[in-house]
Each structure stands twice: as C-alpha cells, then as structure tokens.
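Peer 1: test case, fold it:
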Amino acid sequence: MIPLPASIKVIRDPASETELLEKARAWLAKDERAEGWHATDFLDLRLAFWQRVDPQPITDRLVTIFLVGKILHAFVLGSLSDEVDLGKTDEGGRFNEELGITYSVDYLKDGIPSEFKSSRSFYEPKDVEDLSIYLEQLLVYMVSTESCEGKLWVLYLNLRDSNKKTSPTFRCFAVTVSKEELVEVKEYLKLVKSSLERALSTGNYRELDLCREFKCGSSNCVWFHKCKPEGRYDDPKFNK
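Peer 2: Predicted coordinates:
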C-alpha cells in the first residue's frame, strides 16, 4: 500500500465536472434521430409530444445516465461482432412502411430482434410485469420486424447474489407472442400514431395517455410544469 504524503490535498474541481458533463452532452447530441416517428415515441406519448413542440437540451441527470447506457451498448453489442464502435450502439435505423416509423434494433439475427438494457436494480425480475418497461419496446421491434420471437438481454449492474454481494450480472430472456396478438399490437400502434399526429395538429396533448410514472415528475421531466399531468401535478410524490 502506497503511503499518502502528509502534504497531499484533494479539492473538488467543479470546473472539470462541468467540462466533462458538457462534452458528454455534446457527444450524445450527435446521435440525432431520423425525422418522423420513432419506435420509442410509442412508449411515452406526452414526452413524444413535448419533444417536438418544445425541444430542450438533455438534462444533467439524463446526460450521465444516457452516457453509461450508450457505452455499455457499444461494448456489449460490439462483443458479438468483435468490433467495438462507440459511435454505433445499435443495428442502425430501419423503416417500417406499414407503420411509418423508424426503429433501431440493438441486434437482429435470423429475423429475431434483440433488445439490450442495463438496470440499476438490486433484484432480478420475478414475473413479466417486472420486465414490462423493457418488453413494451421489444414488442414494437417485434411488430416492426414481423417476428413473433424476440430476445431481451439485461445487464443488472448491482444484482445481489445469495451472499448479498452485488456485481454486474446478465439475465437473458426469450420472448414469444402469438401471431394473432402480434397483429393486435400492430393495430394498437397504428391507433397510437394517429393519436400523436392528431395531438400535434390540434395542440391538445391531453388526449394522449400519461407517460410512465418513472418518466414523470418535476425532477424527471423538464415539461412537467407545462404538461401538468392530470392526477399527478398536485401529488407530492411527483413534486419532489
């Protein structure tokens, strides 16, 4: 163990923190989406609305969260092809003509889409509901690729083992749906897209479903005080 010099001083350097944050924000901003609707717009409809009518820079909190996710995507997915490219964190943009949306599958092999996610949860999922926030996005990709099969790969960064020690751990899931229900999801997505287009045309965002709770609130959404989501705006839980 190297002895620390008695004269050593350690002072927090806010200027360097700001520089790193701004560099990361600029790097993330390079990854511009294609024009039009994207698959992820169907996950949080009001967020999709506000992003178009009142674009805002990525918040400080989301910069570091997105940064970690992008880097993990590049290395994990790059390992499948032995080529890590930080500028490429998915298979690239594709377009589904029937739905009229762009989608970016993380990995596509033999027509089966795979979605990679990272999670800070200490616990692994016990049922489908625990994976629902990931399955929604995977379902959009399954519809877009016309596949009744999909794969979900999750890297749990803090998963506790039997000894209650935490370590990054993979959990992978094979996902299947019937052809009939895949068609039902497709028809639902068409209705959602029509609702989004109508809301943009009229400005009436309140006809859109509320976003998922973890995306909502004064500390999570820069548009919270503009949106004033019904049932949440006056709830202390969403105003922390």
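
Peer 1: what comes up buried for the longest helix along the chain?
Peer 2: For the chain, the helix reaching the highest residue count under DSSP state H is reported as helix 179-202. When burial is assessed from 16 or more other CB atoms under 10 Å, helix 179-202 yields the following buried residues: Leu182, Lys186, Leu189, Val192, Lys193, Ser195, Leu196, Ala199. Just so you know, the C-beta spots here come from the backbone N, C-alpha and C atoms, and that holds for glycine as well.

Peer 1: report the distance from the following helix or strand past it to the chain centre.
Peer 2: Secondary structure here is assigned by DSSP states H and E; on that basis, the next helix or strand after helix 179-202 toward the C-terminus is helix 224-227. Taking CA atoms, centre = their mean, to the nearest Å, the mean C-alpha location of helix 224-227 is offset from the chain mean by 21 Å.

Peer 1: helix 224-227 packs against which elements?
Peer 2: Counting contacts by 3 or more CB pairs under 8 Å, 6 or more residues apart in numbering; DSSP states H and E, helix 224-227 is packed against helix 45-53.

Peer 1: and Ser81, how many neighbours does it have?
Peer 2: The number of residues packed near Ser81 is 10, by other CB atoms under 10 Å.

Peer 1: any idea which helix or strand carries it?
Peer 2: Mapping Ser81 onto the secondary structure by DSSP H and E places it in no helix or strand at all.

Peer 1: so how far is Val105 from it?
Peer 2: Ser81 sits 14 Å away from Val105, taking CB to CB, to the nearest Å as the criterion.

Peer 1: relative to Leu21, which of the buried residues of helix 179-202 is nearest.
Peer 2: For these, the residue nearest Leu21 by CB to CB is Leu196; the value is 31.5 Å.

Peer 1: what about the nearest residue in space to Phe214 that is not next to it in sequence, neighbour count?
Peer 2: Counting by CB to CB, 6 or more residues apart in numbering, the nearest residue to Phe214 once its immediate chain neighbours are dropped is Asn220, at 7.0 Å. Per other CB under 10 Å, the neighbour tally for Asn220 reads 16.

Peer 1: pretty sure Asn220 sits against Arg212.
Peer 2: No: counting by CB atoms under 8 Å, no contact exists between Asn220 and Arg212, whose distance comes to 10.1 Å.

Peer 1: can you tell me the closest non-neighbouring residue to Val68?
Peer 2: Ser118 (7.0 Å).

Peer 1: that neighbour - that's part of a strand, no?
Peer 2: Yes: according to DSSP: H, G, I helix; E, B strand; the rest coil, the state of Ser118 is that of a strand.

Peer 1: now it: how far from Arg171?
Peer 2: Using CB to CB, one gets 11 Å for the distance from Ser118 to Arg171.
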